[in-house]
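Trainee: Please work out how this folds:
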Amino acid sequence: MNRAALLWRMASFAIAAGFVALWQLIANLNLVSPVFLPGPDRAWTALVRGFSSGDLWSKLAGTLEHMAYGWLAASIAGIAIGAIIGSSRMMRTYVAPSLEFLRPLPVSAIIPVAIAMLGLTQAMALFVIAFGAIWPIMLATIHGFAAVEPRLYEVARSLQMSRLAVIFKIALPSASPDILAGMRLSLTVALILSVVCEILAGLDGLGHWVLLSARAFRSADLFAGVILLGVTGYVTSVAMSLAEHRLLAWQAAQR
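Mentor: As a prediction, the model looks like this:
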């Protein structure tokens, strides 16, 4: 890590520490009722208590399970569909209008349909999460396949490579930066939708924990759940960035 990046990292942590200090000051001065705004010390105590009792471990595991299954389903379907569309100019021409119709459709509009079809079940949550998370991956895959250097396709034709060989040996490696970037974005979407589904369907997870804490006016537990969700999103994003950096190390070596 160079000096400039280290300074930026230190500045970001300093800003976060300043927000926490301001939060503690507001709580100590009782500018907002403690019923609605506990201090970070109370939120931390609730977080430690939740992990000590094991309640938060099970809730965290439930949210990670929902997020992982939905994200994996979206990744597999998004890459497969994106590869089919992106590798064919005719498919991009004819399918693009349908994609432009579905892409701006809010996931919140799909949730009532999913509930009517699947009920308040795990399958409903999986469908909603996968539907919302598939778009960054699929669109990034289409863009990555469409942006492959045309000369590479000419070389593949001269070598009489099959369509599958072209996809796996030429198009997929060339499109991998776009695909991994889309997967990183969709991971955040999957986490958000996991919480939404847990709140709506009463599924076991951090979303349900936050909802019950809010209804019981356990503000410290509520903020502990929110903090844990933020940490979960940050850790998964960093982990995906590290995986992306490692998987694309071969590109850096070629430059």
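Trainee: Kindly indicate whether Thr93 is helix, strand or coil.
Mentor: Taken by DSSP: H, G, I helix; E, B strand; the rest coil, the conformation at Thr93 corresponds to helix.
Trainee: For it, grab the count of nearby residues.
Mentor: Here the count is done by other Cβ atoms under 10 Å, and Thr93 has 10 residues near it. Quick note: C-beta positions are derived from backbone N, CA and C, even for glycine.
Trainee: quick one: it and Ala146, what's the gap?
Mentor: 11 Å (Cβ to Cβ, to the nearest Å).
Trainee: do Pro177 as well
Mentor: As judged by Cβ to Cβ, Pro177 and Ala146 stand 14 Å apart.
Trainee: buried set for stretch 210-228?
Mentor: The neighbour-count check on stretch 210-228 (16 or more other Cβ atoms under 10 Å) flags 210-211, 213, 218-226, 228 as buried.
Trainee: Can you pull out the low-pLDDT segments for this structure?
Mentor: Judged against pLDDT under 70, the low-scoring parts of the chain cover residues 1-2, 250-255.
Trainee: show me where it has helices.
Mentor: 3-28, 40-53, 55-86, 89-102, 107-118, 122-146, 150-158, 163-166, 172-201, 206-215, 219-247, 249-254 (DSSP state H).
Trainee: I'd like the ones you listed as a markdown table, with distance to Pro34 appended.
Mentor: Putting the helices of the chain into a markdown table (distance: least, Cβ to Cβ, whole Å) gives the following:
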| stretch | distance to Pro34 |
| --- | --- |
| helix 3-28 | 7 |
| helix 40-53 | 8 |
| helix 55-86 | 21 |
| helix 89-102 | 46 |
| helix 107-118 | 33 |
| helix 122-146 | 34 |
| helix 150-158 | 63 |
| helix 163-166 | 62 |
| helix 172-201 | 24 |
| helix 206-215 | 14 |
| helix 219-247 | 7 |
| helix 249-254 | 50 |
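Trainee: and Phe131, how many neighbours does it have?
Mentor: By other Cβ under 10 Å, 21 other residues sit near Phe131.
Trainee: Correct me if wrong: it contacts Ser108.
Mentor: No - taking Cβ atoms under 8 Å as the definition, Phe131 is not a contact partner of Ser108, at 11.2 Å.
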